[in-house]
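Chemist: Give me coordinates for this.
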Amino acid sequence: MGEITPPYANLFNMVGNIDLNEIVEETETTKLVRDGNGALLRWRKDQSGAAEHVDFLVKKQADWEKHIRPGLVDKSLYERRIDFKLYRDGLAKCARDNRFFTCGVVGAFDQMSPVCGHENLLVGMAMEPEWVVCTMCDLYVTASLEMLEILFDREGLPDGLPR
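Modeler: Residues are numbered from 1 along each chain as shown. Okay, the predicted model is just below:
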């Protein structure tokens, strides 16, 4: 058997509003962007790496219920959220190269933190655990599983799934 490929983990666009990505302000050195999760991010044009997290629209459950949850529960958007081509291309490349093809998804914590930031997420875990642990986490896991089913039904199964 050939080598094992890195998992294809960025197959799903899990932002609340898949049509939102607006430039709020741009200077010679930075670009301030409001992403589909409502996060305000400052990107430096002269450096690579992660954006500076300036602010988050979601700071508590009411914000999440209003701005993020409606987009994630809308199953009519699931096919738009799935990167079928990335999966199909990876599957074909691995078949050609005699490699073991794996497919995974980003874990719930790493899907939730871009929505409200680590600080708000951790405060939410302490102050509103039903929201974070049950409501948010459950929705991200359920939506990911449902999208995996759509993906696998259309494109076929991978050779394996990472733990």
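
Chemist: pLDDT value on residue 153, please?
Modeler: Looking at residue 153, its pLDDT stands at 98.

Chemist: tell me which element it is part of?
Modeler: Secondary structure assigned from DSSP states H and E places residue 153 in helix 137-155.

Chemist: what's that helix in contact with?
Modeler: Helix 137-155 is contacted from outside by 11-12, 14, 69, 72-73, 75, 78-79, 81-82, 84, 87-88, 91, 103, 105-106, 108-109, 111-112, 158, using C-beta atoms under 8 Å, 6 or more residues apart in numbering. All C-beta spots, glycine's among them, are computed from the backbone N, C-alpha and C.

Chemist: Just say helix, strand or coil for residue 50.
Modeler: What DSSP: H, G, I helix; E, B strand; the rest coil gives for residue 50 is coil.

Chemist: To what extent is it buried, counted in neighbours?
Modeler: Residue 50: 9 surrounding residues under other C-beta atoms under 10 Å.

Chemist: gap between it and residue 43?
Modeler: In this view, residue 50 and residue 43 are 9 Å apart by C-beta to C-beta, to the nearest Å.

Chemist: Kindly report the same for residue 16.
Modeler: Distance from residue 16 to residue 43, by C-beta to C-beta: 20 Å.

Chemist: How about residue 121?
Modeler: Counting by C-beta to C-beta, the separation of residue 121 from residue 43 is 22 Å.

Chemist: you'd agree residue 33 is up against residue 44?
Modeler: No: contact criterion C-beta atoms under 8 Å: residue 33 and residue 44 do not qualify, at 11.9 Å.

Chemist: Give me the more crowded residue out of these two.
Modeler: Legend: neighbour count by other C-beta under 10 Å for residue 33 and residue 44, higher for residue 33 (19 against 13).

Chemist: if I've got this straight, the more buried one is in a helix?
Modeler: No: read with three-state DSSP, residue 33 is strand and lies in no helix.

Chemist: Quick check: bridge partners of it?
Modeler: Beta bridges link residue 33 to residue 23, residue 41, judged by DSSP bridges.
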